[in-house]
Each structure stands twice: as C-alpha cells, then as structure tokens.
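can't give you the sequence, but here's the structure:
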C-alpha cells in the first residue's frame, strides 16, 4: 500500500480533533456517572452535558432549552418530521425538495403512506430551490416545510433565510437539515427563521453517533421513543455523555474558526475546480458560487465514477461518487438527476470534499494524479471513441 | 469489496481496444445503471483468434470484460458461446452481489458479437 493519504471525503465524515478527543476521554472511565443521578458523580456529569448544550445553543443563536441531543442528523430529521406529523389529529401537507438527504426523503415517503401529502419541489440546474415555489406550494393544511441548508452531494447552498421568511409570513413551521453547514458557515436560527434545525457532530471534527435537533420554544411534537425524561422527554434514553461533550467542544472550536476555515477551504476548492476544469469535458455540478466552502463535484464525461474512485484510491486519494455503481442502488443519485444530468453524466460524477487537514500540496497531488486516470479510463470507453 | 483478481483486471485490463477488421461486433448495456460494453472478435478457422473490448462502467464492468476476453481467446465459436456471465464472475473469484447483474455483462456482449459474426457469414 502507498503511504500517502489524501483524504477528500469530509462530506462523508471528518476525523475527531485532538482537543475534542481529549475532552471526551475522562467521560469514559473517570466521570462515568449518569447525568440523571442525584449523587455527586451524576451531578458532575450533568454539568458537563449542560455546558455542551450551552455551547451548541450559543453557536446557533438559540436558547439552551431549544437544543436536544440525538444520535445524529438522521435521527434529528426523523424526530422533527415524524414528531410533527404524528402530533396532528389528521393527515396534512408537507413541502420539501427533490434533492433532500434520504433521512428526509424516506421519512416523507413513509408519511405519505400514513395519509400525508408531500410536495417535492424541483430545483434549478444548480440545485437551488426557488423560495417563490415554496410560497406557491403552501396550502391550508401545510404543517411543515423541510429544505436542507446545503446539499451533501453538490454542495449547493439553499436560500434558507428567504424560505424561512416565507414560512414565517405564512405561519408554517420550517425545518432545515443543516448537517453539511453547521461548523462550516455561520448559522443563526433567528436570522434564518427556522423552527427546527438538524446537525451532526462528525461533520465538523466531532465524534460519530451524536448530533442535535434545535426546536424552537413553544413548538410541540410527539416523541419517537418513550421511556424516560431525558432531553425533556423528546429523546429518552441515557445520554451519550462522551459524545455530547465531544459535540460541545467540536462546535465551539468550529464556531470560532469559521471565518478562517471558510477562506482557506474556498481557496483550495476553487483551485481544485479550476485545475479539474483544465481537463477536457469536465462539468462542475452544483452552483459556481453558492456552494459549501469545501465541496467540489464534477462529472468526467465518458467514464464512470466508481472506476475513478478505485483508481484514486490506489493513489491514496479518498473521494466519493454519485454514480449508480457506487450508490448501492443501481440508480444514479437523485440529486444529479434532479439537476438535469443525463444518466451517463451522472454516472461520471466524483465528489471531493475538503476539510481542515487538506493543503495546497494535496490539491497539486490530486491534479497530478487525476489526468492520467481520466485518460486511461477514457481510452477504454466505447462512448469516448464514438463521441 | 473486490477480489485481488478483479483489481488486477481493473488495473491491467487485457485486450482493450478496437479491432478495425473485426468479424463480429457485439454491444450490450445495462439500461438501468448505464454500463456499456462493446466487444470485437476476429475469427479464423472457426476459432476466436483475437478479441478486444471497450467498456464504460465500474471496476466490476471493466474487470469482467477483460476476464472474458482472456477466457474465450483461442476457443471455437461454439465453445465461446457456452461461456456465461456466471462463469466470468467465478473466474474472477466472485463479484459483490450488487454487481452480479448490472456490471457483469461481458458474456452478453460476446453473444451479440457471435450473432453478428454468424449473420455476416450467412449473408456472405
């Protein structure tokens, strides 16, 4: 195996930062109390949990009692959508987009089976939802609008603030899956006018298996689980204390570093995009400007994404793809289809998602290795020869 | 995810390219996932003297195309026609279940090439 590793899959997950890990360690063997216990070891841990909650609330401009710890983005999305739908006494209407994460889309499809109606709004060729289309879709019984803050595959940022303003004006609750954005860009729940927001620690150098749901004070939902009074009964079960502490530290660090990190990643991102577009017939997927600082998603025409990933992996480069072959579903990504890519162009998509560890040298290395890989695969491709 | 043999055929595929004077050309594709394969055969004295392929697809698609060309080179046309997609997967040391039906199409491309060859024979 090669010794060099260039990790460019931060959209999938990120490494836990040293400072985060160090803060978590005492909560495994030394401060192991249950935060619900009355005794000193329990109280000590309760304090650590509440400090993490304060840090999380402060970054989001929320109040502490609006933050609920969960197991991550998927659970936060599920709690918000099912919770609201099942609080109702009769089925209603949901507005979402066609490019949401499956943790929203699959819930919506399931809620359709329970009698709810769902509007899946289309997006433009950059993956943007038109706030006007959100307004037009609202009906008398629309009870939730769920639009992600940024797309995980193509990195497109949604006009969440404008959609929030529409929701507020019409008196409809608004949820945003902000898993890709928290820790990368400033997020303020008041400015965005959101009632629910999902986040996940492992996307910003925190641990896996921990996330949070912001739920605006006064909103009532039905919990998914029953069993205890933890997280004000919204998410019963003994808290994942090391995870919560790690989330708190990670969000505190990420929050303070956003301006620096954003500038650094945008610079690396734009260099990588420019370099990749130096290769013939490479298309940028997503919005040229309104995109996550670390997201690069391109389609290499005439070749297939998984074979590019395998070749990159052999050079020590870790990336991902929305091609059918790598999706595990035989279908190309619903996001790439929604922005209008034909099957074969979607098939050739590769995502490089940058993070803290990446440097200029990494960009040079990827650009050096990618050209011969694309050339080799194209030389084997019947569609390249008959183009 | 892939066996060593699959990775070997993916990184050093055998018999890639076109045969300008092919006696039969066969194409196949998976409508669903989008993989496409094109196979060229050169037949002499009823034996597959040369075979080449072009493939648009994942690692499994490229490796199975390459493997098939190695398996059928030198066989009589009738012998080659007996080779199945499953034989190719077995020869590769297996493929992930997801890939068995979408990417493992080389034998179908060969069937089409043989049919093309036979129809040319009849019309000649």
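Here it is on my side, so go on. A quick note: this is a predicted structure, and the numbers were derived from the prediction, not measured.

what's the span of stretch A:149-167, first residue to last?
One end of stretch A:149-167 to the other measures 15 Å (CA to CA, to the nearest Å).

Now chain B against chain A: closest residue?
Chain A sits closest to residue B:58 of chain B, with a gap of 3.5 Å, by CB to the nearest CB. Every residue, glycine included, has its C-beta placed from N, CA and C.

for the residue nearest in space to the middle of chain B, what are its contacts?
What sits nearest the mean C-alpha location of chain B, by CA atoms, centre = their mean, is residue B:106, with 3.4 Å. Contacts for residue B:106 (CB atoms under 8 Å, 6 or more residues apart in numbering or on different chains) come out as B:37, B:39, B:53, B:64-65, B:67-69, B:85, B:88.

Which of those residues fall within strands?
Here DSSP state E is the test, and the contacts of residue B:106 give B:37, B:39, B:53 as lying in strands.

I'd like the distance between residue A:369 and residue A:101.
30 Å (CB to CB, to the nearest Å).

need the helix or strand of chain B with the lowest average pLDDT.
Across the helices and strands of chain B, mean pLDDT, DSSP states H and E gives its lowest value to helix B:97-102, namely a mean of 78.

Helix or strand next in line after that helix, which one?
Per DSSP states H and E, the first helix or strand lying C-terminal to helix B:97-102 is helix B:106-123.

Quick one: distance of stretch B:52-68 to the chain centre.
Put simply, stretch B:52-68 sits 7 Å off its chain's centre (CA atoms, centre = their mean, to the nearest Å).

The least confident helix or strand of chain B - contacts with which helices or strands?
In this structure, helix B:97-102 makes packing contacts with helix A:324-327, judged by 3 or more CB pairs under 8 Å, 6 or more residues apart in numbering or on different chains; DSSP states H and E.

Buried by neighbour count: which residues of whichever helix or strand comes after the helix it packs on qualify?
Of the helices and strands lying after helix A:324-327 in sequence (DSSP H and E), the nearest is helix A:334-338. Going by neighbour count (16 or more other CB atoms under 10 Å in any protein chain shown), the buried part of helix A:334-338 is A:334-338.

go on, stretch B:18-35?
Those would be B:19, B:22-26, B:28-30, B:33-35, for stretch B:18-35 by 16+ other CB under 10 Å.

And the furthest pair within those?
B:23 and B:33 (29.7 Å; CB to CB).

measure the nearest residue to residue A:85 once chain neighbours are set aside to chain B for me?
What sits nearest to residue A:85 in space, not counting adjacent residues and going by CB to CB, 6 or more residues apart in numbering or on different chains, is residue A:111, at 5.2 Å. When CB to the nearest CB, to the nearest Å is applied, the distance between residue A:111 and chain B equals 28 Å.

where's residue A:111, which helix or strand?
In this structure, residue A:111 sits in helix A:102-113 according to DSSP H and E.

now what about that helix, what contacts it?
For helix A:102-113, contacts defined as CB under 8 Å, 6+ apart pick out A:73-74, A:77-78, A:81-82, A:85, A:94, A:96, A:100, A:116, A:118, A:120, A:146, A:148, A:177, A:334.

same thing but 7 Å
The contact list for helix A:102-113 (CB atoms under 7 Å, 6 or more residues apart in numbering or on different chains) reads A:73-74, A:77-78, A:81-82, A:85, A:94, A:96, A:118, A:146, A:177.

Then residue A:239 would be within a helix, right?
No. Counting by DSSP: H, G, I helix; E, B strand; the rest coil, one finds residue A:239 to be coil, located in no helix.

residues near it, how many?
21 (other CB atoms under 10 Å in any protein chain shown).

Please apply the same query to the one 3 residues further on.
Look at residue A:242: counted by other CB under 10 Å, it has 21 neighbours.

mean confidence score for stretch A:358-369?
Average pLDDT, stretch A:358-369: 98.

how about that stretch: buried residues?
Buried residues in stretch A:358-369, counting neighbours by 16+ other CB under 10 Å, are found at A:358, A:362-363, A:365-367, A:369.

could you check whether it is close to chain B?
No. Stretch A:358-369 lies apart from chain B when judged by CB under 7 Å from any CB of the partner chain; the minimum separation is 13.9 Å.

what residues does stretch A:152-169 touch?
Residues outside stretch A:152-169 that contact it (CB under 7 Å, 6+ apart) are A:11, A:101, A:126-129, A:131, A:134-135, A:145, A:147-150, A:173-174, A:176, A:180, A:191-194, A:285-287, A:290-292, A:295, A:297, A:322, A:333, A:335, A:339, A:351.

now these: which count as buried?
In the contacts of stretch A:152-169, burial by neighbour count holds for A:11, A:101, A:126-129, A:131, A:134-135, A:145, A:147-150, A:173-174, A:176, A:180, A:192-194, A:285-287, A:291-292, A:295, A:297, A:322, A:333, A:335, A:339, A:351, counting by 16+ other CB under 10 Å.

Could you list which of the contacts of stretch A:152-169 also contact chain B?
Among the contacts of stretch A:152-169, proximity to chain B is found for none (CB under 7 Å from any CB).

Narrow the residues you listed to those in helices?
A:131, A:134-135, A:191-192, A:335 (DSSP state H).

export those residues to CSV and tack on pLDDT?
As requested, the ones in helices among the contacts of stretch A:152-169 are exported to CSV (pLDDT from 0 to 100):
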residue, pLDDT
A:131, 98
A:134, 98
A:135, 98
A:191, 96
A:192, 96
A:335, 96
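
and of these, the nearest to chain B?
The closest of those to chain B turns out to be residue A:335 (CB to the nearest CB; 16.1 Å).

Isn't residue A:93 up against residue A:139?
Yes. Checked against CB atoms under 7 Å, the pair residue A:93 and residue A:139 is within contact range at 5.1 Å.

Between those two, tell me which one has more neighbours.
Between residue A:93 and residue A:139, counted using other CB under 10 Å, the more crowded position is residue A:93 (18 against 13).

Can you report phi and psi for the more buried one?
With angles defined as degrees, to the nearest 10, residue A:93 sits at phi -120, psi 140.

any idea how far it lies from chain B?
Relative to chain B, residue A:93 is positioned 33 Å away (CB to the nearest CB).

now do residue A:67
39 Å.

And the strands in the stretch 201-350 of chain A, which stretches?
Secondary structure of the stretch 201-350 of chain A (DSSP state E, counting those that start in this stretch): strands located at A:211-215, A:282-284, A:295-300, A:317-318, A:349-353.
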